[in-house]
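Asks: sequence and predicted model, in that order:
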Amino acid sequence: MYDPTTTLFYAGHISLGTPPQKFLVNFDSGSADLWVPSMRCQSPTCKIHDQFNPDASTTRWPRRLGRGKTRQARVNIEYGTGMVAIESTQDTLKWGSITAHNVTFGEAVKMTSDFDAQFDGLFGMAFPSLSSPGMVPPLFALAQRNMLNANQFSFSLDDGGGRLDIGRPPHISDDSMATWIKLVQPHFWAVKIKDIEVFTRHPTSIDMSLNEDTTSAASAQHSQIFHLPPHTRLQLKAQGIGLFDSGTTTILCPSSIATYINRIIGASDNGLRVDCSKSTTGPTFRFKIGGSQPEEEHTISIGPHQYILGDGTPTHGCMSAFQPGGPKNKWVLGLPFFANRTLTFDIDEGRIGFRPMQKLAPKLISQYTDVYEDNGGISDTSHNVLRDSPATIARNIFKNTYRENQADMVGFDNDAQTCYHQRTVNHVLAIVLVLTSATLAVVV
């Protein structure tokens, strides 16, 4: 079971400036800027973090607004749960065995209280088209300078911790071993979702009552409960765009779809309450994602041990990873989608690769301790790997690093209809139930 109370984000250390100033950053594939708190920031939130001292660095070069203007350019960045104001700067970045000069990043001079997490700043890994003016995402800067043995990075996550590989992972020699899916557009790491198949392994009851308060007498009179036998297949036609976001701990769905998915699981409509036993008995969701041609389609599964979140104790309980709140036909595929597999993000080819998870060696995982490997330095044969346990914080303040105005850059047919079709083997029910904008049709 994936526990979001202890596994909320990928965090690791980097250093900025000369001499190096060390920061713990959240490696976030859903945003594009690198920023850390500045010593010039007077916000109370800044003062609980390590802060970058620009005057202490001999290699810092502030970005200017233009000829004759000496004030640094300030940019406000709105996130789903907070805002930072940054001023762009260039300085030396050290990341494992990598040393890169004149890398652009933001000095945060204002931070809202939402950023009271245990990491200091954000290390954005999305495409330059999403970065703030004058900024280049560090990984893309390294790629442009040919400093990596392959212009890609990989996330791995299992119960033992997490791993971030920069370049081609040493245990992977052949890209053909991965399932590769092309991106929709080079903005977010986003793919097309074509539909979802639900496969039940155990008897399942789905309450499709129109009234969300299923405990009331009025609701009981209108209750419509479907009892499904084991090994039932349901087809959920939920076309849209899915953003793979390492900075989000849940799966943010269009609200109406989240309601029906949680009813299939047996969770509350908002997903915040579910029986922890569902982590072993819940259905498997098979996402069909890919391009416009059949040969470009692939199926990526997520099981109950990935989408039932919690530590299983009565004190904390469990919740569903499928959370409402996403824009229509837009999904944010957070860490539950990363669990128990390796995801490789290929910058040059604009694609994401999926590989079965190889167990992480426990001795190589330590929380807040960075262990790097490098075979021969920064050259064509080099490899840089950060092995880091996902950091522990009290609550998830980065539940949604998704910016809706950016999501709208990813085009898709917003008029596509959402339909639910239940398919059972050798079992036919003559029922069609219309629910708001969706239809549940029970067919063979």
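Replies: Everything's here; your move.
Asks: how about the helices of the stretch 251-400 of the chain, start to end?
Replies: 255-265, 278-281, 304-307, 335-338 (DSSP state H, counting those that start in this stretch).
Asks: cool, the stretch 101-250 of the chain as well?
Replies: Using DSSP H, counting those that start in this stretch, helices in the stretch 101-250 of the chain cover 138-144, 217-221.
Asks: coming back round to it: mind checking which of the helices of the stretch 251-400 of the chain is nearest G240?
Replies: Within those, the stretch nearest G240 is helix 255-265; the backing value is 8.6 Å (C-beta to C-beta). Where C-beta positions appear, they are placed from N, C-alpha and C, glycine not excepted.
Asks: just checking, what packs against the closest one?
Replies: Helix 255-265 makes packing contacts with strand 204-207, strand 233-237, strand 318-320, strand 322-326, strand 418-423, strand 438-443 when contacts are defined by 3 or more C-beta pairs under 8 Å, 6 or more residues apart in numbering; DSSP states H and E.
Asks: buried ones in that helix?
Replies: 256-265 (16 or more other C-beta atoms under 10 Å).
Asks: also stretch 188-207?
Replies: In stretch 188-207, counting by 16+ other C-beta under 10 Å, buried: 188-198, 200, 204, 206.
Asks: measure it end to end?
Replies: End-to-end distance of stretch 188-207 (C-alpha to C-alpha, to the nearest Å): 36 Å.
Asks: check stretch 91-102 too.
Replies: By C-alpha to C-alpha, one end of stretch 91-102 lies 5 Å from the other end.
Asks: tell me the average confidence for it?
Replies: The average pLDDT within stretch 91-102 is 94.
Asks: quick check: the gap between the closest residue to H49 other than its chain neighbours and C46.
Replies: Nearest non-adjacent residue to H49, counting by C-beta to C-beta, 6 or more residues apart in numbering: D120, 4.3 Å away. Counting by C-beta to C-beta, to the nearest Å, the gap from D120 to C46 is 9 Å.
Asks: which neighbours do those two share?
Replies: Counting by C-beta atoms under 8 Å, 6 or more residues apart in numbering, the shared contacts of D120 and C46 are P37.
Asks: so where's this structure uncertain?
Replies: 1-8, 63-72, 159-160, 171-176, 208-223, 291-294, 312, 314, 358-444 (pLDDT under 70).
Asks: for the helix or strand where T89 lies, list every residue counted as buried.
Replies: Assigned by DSSP states H and E, T89 belongs to strand 82-95. Neighbour counts over strand 82-95 (16+ other C-beta under 10 Å) mark 82, 84-95 as buried.
Asks: strand partners (parallel or antiparallel) of that strand?
Replies: Strand pairing for strand 82-95, using DSSP bridges, gives strand 11-16 (antiparallel), strand 61-62 (antiparallel), strand 74-79 (antiparallel), strand 98-111 (antiparallel).
Asks: mind checking the end-to-end distance for stretch 57-77?
Replies: The first-to-last residue distance of stretch 57-77 comes to 25 Å (C-alpha to C-alpha).
Asks: for F226, give its distance to R40.
Replies: 60 Å.
Asks: likewise for S279?
Replies: Taken as C-beta to C-beta, the span from S279 to R40 is 47 Å.
Asks: got the CA coordinates for stretch 33-52 in PDB?
Replies: This file holds the C-alpha atoms of stretch 33-52, laid out as PDB (Å, rounded to 0.1, in the frame of the first residue of the first chain):
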ATOM      1  CA  ASP A  33      11.300  26.300 -12.900                       C
ATOM      2  CA  LEU A  34      14.100  25.800 -10.400                       C
ATOM      3  CA  TRP A  35      13.900  28.100  -7.400                       C
ATOM      4  CA  VAL A  36      15.100  28.300  -3.800                       C
ATOM      5  CA  PRO A  37      14.400  30.800  -1.000                       C
ATOM      6  CA  SER A  38      16.600  33.900  -1.100                       C
ATOM      7  CA  MET A  39      18.200  35.600   1.900                       C
ATOM      8  CA  ARG A  40      16.500  38.800   0.600                       C
ATOM      9  CA  CYS A  41      13.100  37.200   1.200                       C
ATOM     10  CA  GLN A  42      11.200  38.600   4.200                       C
ATOM     11  CA  SER A  43       8.300  36.200   4.200                       C
ATOM     12  CA  PRO A  44       8.000  34.100   7.400                       C
ATOM     13  CA  THR A  45       7.900  30.900   5.300                       C
ATOM     14  CA  CYS A  46      11.300  31.700   3.700                       C
ATOM     15  CA  LYS A  47      12.900  31.900   7.100                       C
ATOM     16  CA  ILE A  48      12.100  28.300   8.000                       C
ATOM     17  CA  HIS A  49      14.100  27.000   5.000                       C
ATOM     18  CA  ASP A  50      17.700  27.200   3.900                       C
ATOM     19  CA  GLN A  51      18.100  30.400   2.000                       C
ATOM     20  CA  PHE A  52      20.400  31.300  -0.900                       C
END
